[in-house]
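S.K.: could you look at this predicted model? Sequence included:
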Amino acid sequence: MNIKEESYLFSNIVSDLDNLRSRYLEHDWDTRELSVVFPSGEIFSIENNKFRLLNNSKKIKFESRWSMRPDYVSFEFYDTVIYWHIILFINNILCIEEFKDLEYIYIPDYDDIMEVIRDRIPEDEIQPLEIFVVDESVKYLKKSPLDDLELKQIESRQRINNFDDFVDSRTITSTKKISEIEEEFVVDSQILSNKKISLTNIPINISSISFYIDDFILSQRYGYDYILTDNNEICWDPEYLYSNDGGIDEIISLDTRLVVKYIYEYFEEV
């Protein structure tokens with residue numbers, strides 16, 4: 001018997017894995033001319049009865065001759081190799097290669113296996129799959145109505161996304177130039193409480209900002225560790241960040257040294 005013949009033979013056995021799964025029907029949504037029935041990724045008949053199978057299982061000392069051969073175990077206890085996958089499942093083993101160097105294994109009772117197989121989903125029970133339509137108006141799934149914290153985070157994201165569109169409202173007939181500056185701050189009680197510092201100038205954009213804490217050589221991440229508010233304030237309040245899991249707020253304390261490097265625009269009279 002070759003592999004093709006053996007595969008065909010086993011596929012017709014009721015205990016074959018695909019016969020224990022749910023089945024779904026999917027259409028070719030473009031032409032509607034092709035329909036395919038395929039098995040589910042879950043093996044509900046076995047997964048829903050795991051503890052039922054474990055209840056009467058025997059705890060057997062693992063033999064070295066069974067290494068990577070659960071089919072040998074199946075044959076020794078059930079006189080057939082077809083239950084090897086159930087043995088792996090009951091023993092929480094994900095693949096054949098892990099079926100080795102074990103102290104013991106559990107062997108389900110044969111009658112329990114038969115009951116689980118009889119409890120399988122009927123072959124004619126096929127669930128149709130409907131076409132999935134993306135609602136472009138929904139950006140993410142959230143509970144409704146949104147709480148105050150969520151509303152603040154949304155507002156913060158909009159501010160971050162729109163910052164590059166900021167236009168200086170001053171009307172000046174002069175030459176516009178840019179310059180880089182480094183400003184240093186030492187955290188006092190007011191900064192610690194407000195969780196922000198005010199820059200002398202307005203950065204030209206968020207990518208021009210580098211924010212350092214003490215002697216850290218890596219700049220903090222914009223949006224996750226800090227944001228720019230009111231055009232010239234560096235803020236690290238977790239409520240306004242992409243993630244409110246604490247960020248750098250947990251490591252900034254009194255007398256912490258903060259360094260901000262950024263590029264700003266200034267006007268020079270002609």
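M.R.: Sure, I can see it.

S.K.: now the closest residue to I263 other than its chain neighbours: how far from I234?
M.R.: The shortest distance from I263 to any non-neighbouring residue, by Cβ to Cβ, 6 or more residues apart in numbering, is to S208 (3.9 Å). Backbone N, C-alpha and C define where each C-beta goes, glycine included. S208 is 13 Å from I234, where distance means Cβ to Cβ, to the nearest Å.

S.K.: can you check F38 too?
M.R.: 53 Å.

S.K.: repeat that for E184.
M.R.: 12 Å.

S.K.: hmm, back to that, F38 and I234 - which one has more neighbours?
M.R.: The neighbour comparison of F38 against I234 (other Cβ atoms under 10 Å) goes to I234, with 24 against 13.

S.K.: quick one: the more buried one is in a strand?
M.R.: Yes. I234 sits within a strand when classified using DSSP: H, G, I helix; E, B strand; the rest coil.

S.K.: from I93, how far off is it?
M.R.: For I234, the distance to I93 - Cβ to Cβ - is 52 Å.

S.K.: what of E63?
M.R.: 15 Å.

S.K.: where's K177, which helix or strand?
M.R.: Taking DSSP states H and E as the criterion, K177 maps to strand 175-186.

S.K.: helix or strand right after that strand?
M.R.: Note on strand 175-186: by DSSP H and E, the next helix or strand toward the C-terminus is helix 189-194.

S.K.: show me the contact partners of that following helix.
M.R.: Contacts with helix 189-194, where a contact means Cβ atoms under 8 Å, 6 or more residues apart in numbering, come from F185, I197, I252, S253, L254.

S.K.: so which of those are in strands?
M.R.: With strands taken from DSSP state E, the overlap with the contacts of helix 189-194 comprises F185, I197.

S.K.: are any of the contacts of helix 189-194 buried, and which?
M.R.: I197, I252 (16 or more other Cβ atoms under 10 Å).

S.K.: so the residue nearest to I263 touches Y262, yeah?
M.R.: Yes. In this structure, S208 is within contact of Y262 by Cβ atoms under 8 Å, at 5.2 Å.

S.K.: strands of the stretch 51-200 of the chain, start to end?
M.R.: All strands of the stretch 51-200 of the chain, identified by DSSP state E, counting those that start in this stretch, fall at 58-61, 104-107, 126-128, 175-186, 196-198.

S.K.: which elements pack onto the second one?
M.R.: To tie it back to what came earlier, the one meant is strand 104-107. strand 58-61, helix 70-78, helix 84-90 (3 or more Cβ pairs under 8 Å, 6 or more residues apart in numbering; DSSP states H and E).

S.K.: CA atoms only for it, dumped as CSV, please.
M.R.: Output of strand 104-107 as CSV, limited to C-alpha atoms (Å, rounded to 0.1, in the frame of the first residue of the first chain):
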residue,chain,number,x,y,z
TYR,A,104,4.4,9.0,31.6
ILE,A,105,1.4,9.5,29.2
TYR,A,106,-2.3,9.2,29.5
ILE,A,107,-4.2,6.5,27.5
